[in-house]
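Enquirer: please find the sequence and the predicted model below.
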Amino acid sequence: MPTFADLFAGIGGFRLGLERAGWECAWANDIDRWACSVYRYHWSRIAQCDVRSVDPDRIPEFDVLCAGFPCQPFSYAGKRLGFADERGTLFSEVVRIARRKKPKIILLENVKGLLSAQGGECFAEVLRSLNEMGYDAEWAVLDSQRFGVPQRRERVFVVGYPRGSARGPVLAELGAGQVPAEAAL
């Protein structure tokens, strides 16, 4: 059974979908006590901690790294400071853990504003980071209303998979853009 780690797990959106698909959660974390409370109600276990304090060697092995890293720095509703906002720098924790654990797939989710924050530099940094770790990437902006949710909620999803693997395109039928990460820089 494939396994995943769920960084910035919130109330468990990634977990709900992946478990319905037959996957098993190896580890999850979030810092928000209210989100963790909801998560525990449904699944009982989540590491309620600042991801910056997590030792990757203490995370059980997993196949896929999921991360819905904080969106406030990239959101159209905020100041859009991107990586100049401390919360925006938490993406580097995804990279830190991915470098150590070397997952087979990296699955990221954020607001659509990630694509244009700081003149597109934030999204370019996400792609550069994946490229430097040896991952190709594809992405799509998906709107929840296309999947049976009665609201418009656009999110960018990025899938990174090891360069040279037989993976992809994972999101093609959903309207994704796919390029080797280095070609998008």
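Expert: Looks like it came in fine. Numbering: from 1, shown residues only.

Enquirer: pull up the gap between F14 and R20, please.
Expert: For F14, the distance to R20 (CB to CB, to the nearest Å) stands at 11 Å. C-betas here are computed from N, CA, C, even on glycine.

Enquirer: repeat that for L90.
Expert: Using CB to CB, L90 is found at 27 Å from R20.

Enquirer: those two: which has the busier surroundings?
Expert: The residue with more neighbours, out of L90 and R20 and counting by other CB atoms under 10 Å, is L90; that gives 20 against 8.

Enquirer: can you count the residues close to D32?
Expert: When neighbours are counted by other CB under 10 Å, D32 registers 15.

Enquirer: and if you look at W34?
Expert: W34 has 10 neighbours, counted by other CB under 10 Å.

Enquirer: any idea which element it lies in?
Expert: Secondary structure assignment for W34, by DSSP states H and E: helix 33-43.

Enquirer: tell me the mean pLDDT for that helix?
Expert: Helix 33-43 shows an average pLDDT of 95 in the prediction.

Enquirer: need the pLDDT of A183.
Expert: pLDDT, A183: 40.

Enquirer: try F74
Expert: The predicted local confidence for F74 comes out at a pLDDT of 66.

Enquirer: cool, and the one 3 residues further on?
Expert: Residue-level confidence at A77 comes out at 72, pLDDT.

Enquirer: spatially central residue in this protein, please.
Expert: If you average the C-alpha coordinates of the chain and look for the closest C-alpha using CA atoms, centre = their mean, you land on L108, 2.1 Å from that point.

Enquirer: report the beta-bridge partner residues of the residue lying closest to that one once chain neighbours are set aside.
Expert: Nearest in space to L108, with sequence neighbours left out and distances taken as CB to CB, 6 or more residues apart in numbering, is V158 at 4.2 Å. On DSSP bridges, the residues paired with V158 through beta bridges are L108, W139.
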